[in-house]
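Chemist: Following is a predicted model, sequence given first.
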Amino acid sequence: MANQPIFLEPVFQERIWGGKQLREQFHYDIPSDRTGECWAVSAHPNGQSVVHNGPYKGLKLGELWDQQPQLFGSEAVKFPLLTKILDASDDLSVQVHPDDAYAQVNENGELGKTECWYILGCEPGAEIIYGHSAATKEQLKQMVDAGEWNQLLTKVTVKPGDFFYVPSGTLHALGKGIQVLETQQSSDTTYRIYDYDRTDDKGATRELHLDKGIEVTTVPHVDAETSFSTETIGGTEVTTFVSNSFFTVQKWNTSGETAFPEPVQFTICSVLEGAGELENSTGSYPLKKGDHFIIPLGFGNFTLRGQLELIISHE
């Protein structure tokens, strides 16, 4: 299967803040109008994508990773990344994620969670929370305990096409009316700091994780440095948003035809807009909005053709 793209069926997660944009924008068959997350490329035990084509059709991505490691050529013990599409029809909880070292000790060997967001769409004036004003851990705890959220939390207005890098330790939240594609470490560890005193349909509030959350929050907040670069390869404009030890994330805007050399590592691809095809020596594979696939190691040189906007990520 090294010479075929690995198309994946996503897994959907219902959330108290979820909506129906995953159906309306991407035509996914979602479980309800409170669907908040599409786990598009995931080998995490809490929601695994399933192979949709080829000889390994029906395998979970984690099973494919374990059984056919030559398709990935990675030194990672576990599939390292997780690609999601999130639909925030309401505010997400204010939260923070641990780094690898903290999660290894405190979360049964789970990876930490550094992530990034590409804003797919949003209501006018929509905001995210990104960072805080506390100068010390003591001040952070005092402001949290006192509920001084307006003074503590930093809000940023967003628009479609914006990109945000969110390292572990960053206090953050998506605001109401925002859809993002998220690339992250393969982790499901979240420490909630504040949840707007919301209750679910049974009248229960969601658990908060104040001690752990305050412990792992970076104080004072440091804005993550990003340095975008853009190059043109054939008919594709390639924008690199971030490239570090966690992941490389790019946007490919293709108009026409582009020949690419064989990738040197497995590559995760998500089609955000348009239609076209991916072609290599074995054949041509149609692409449409909402498709998610992996180009495996050994895929060979390939051509991308059509009018396409993709987010690309790899180790």
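Modeler: Now that the structure is in, tell me what you want to look at.
Chemist: and residue 117, what is it in contact with?
Modeler: 128, 162-164, 166, 174, 180-182 (C-beta atoms under 8 Å, 6 or more residues apart in numbering). For glycine as for every other residue, the C-beta is placed from the backbone atoms N, C-alpha and C.
Chemist: which of those residues has the most neighbours?
Modeler: residue 174 (29 neighbours; other C-beta atoms under 10 Å).
Chemist: Now residue 118: which helix or strand?
Modeler: Assigned by DSSP states H and E, residue 118 belongs to strand 115-122.
Chemist: quick one: average confidence on whichever helix or strand comes after that strand?
Modeler: As assigned by DSSP H and E, the chain's next helix or strand after strand 115-122 is strand 127-132. Mean pLDDT, strand 127-132: 98.
Chemist: What are the contacting residues of strand 127-132?
Modeler: 94, 117, 140, 152-158, 164, 166, 170-175, 178, 217, 219, 221, 223.
Chemist: and it, C-alpha only, in PDB?
Modeler: Below are the C-alpha coordinates for strand 127-132, written out as PDB (Å, rounded to 0.1, in the frame of the first residue of the first chain):
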ATOM      1  CA  GLU A 127     -12.600  36.000  19.300                       C
ATOM      2  CA  ILE A 128     -10.200  33.400  20.800                       C
ATOM      3  CA  ILE A 129      -8.600  33.500  24.200                       C
ATOM      4  CA  TYR A 130      -4.800  33.300  23.800                       C
ATOM      5  CA  GLY A 131      -2.800  34.000  26.900                       C
ATOM      6  CA  HIS A 132      -3.200  35.900  30.200                       C
END
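Chemist: Describe which strands it pairs with in its sheet and in which direction.
Modeler: Its sheet considered, strand 127-132 pairs with strand 153-157 (antiparallel), strand 172-174 (antiparallel) by DSSP bridges.
Chemist: wait, residue 224 sits on residue 167?
Modeler: Yes. Counting by C-beta atoms under 8 Å, residue 224 touches residue 167, with 5.5 Å between them.
Chemist: Please report how far residue 230 lies from residue 272.
Modeler: Applying C-beta to C-beta, to the nearest Å, the value for residue 230 to residue 272 is 17 Å.
Chemist: In terms of neighbours, single out the busier of these two.
Modeler: residue 272 (20 against 11).
Chemist: Name the helix or strand for that one, please.
Modeler: Here residue 272 sits within strand 267-280, counting by DSSP H and E.
Chemist: which helices and strands sit right next to that strand?
Modeler: Packing partners of strand 267-280 (3 or more C-beta pairs under 8 Å, 6 or more residues apart in numbering; DSSP states H and E): strand 35-41, strand 81-88, strand 178-185, strand 283-288, strand 292-295, strand 302-314.
Chemist: Contacts for the longest one next, please.
Modeler: By that I understand strand 302-314. By C-beta under 8 Å, 6+ apart, strand 302-314 touches 81, 83, 118, 181, 183, 236, 247-260, 262-263, 265-280, 287, 295.
Chemist: Near residue 151, how many other residues are there?
Modeler: Residue 151, neighbours per other C-beta under 10 Å, totals 11.
Chemist: List the contacts of it.
Modeler: 133, 143.
Chemist: isn't there a helix covering it?
Modeler: Yes. According to DSSP: H, G, I helix; E, B strand; the rest coil, residue 151 belongs to a helix.
Chemist: per-residue pLDDT, it?
Modeler: Predicted confidence (pLDDT) for residue 151: 98.
Chemist: Give me the distance between it and residue 144.
Modeler: Residue 151 is 11 Å from residue 144, where distance means C-beta to C-beta.
Chemist: Next: residue 160.
Modeler: 32 Å.
Chemist: which of those two has more neighbours?
Modeler: residue 144 (22 against 12).
Chemist: burial count for residue 141?
Modeler: 17.
Chemist: With residue 301 instead?
Modeler: Using other C-beta under 10 Å, residue 301 has 12 neighbouring residues.
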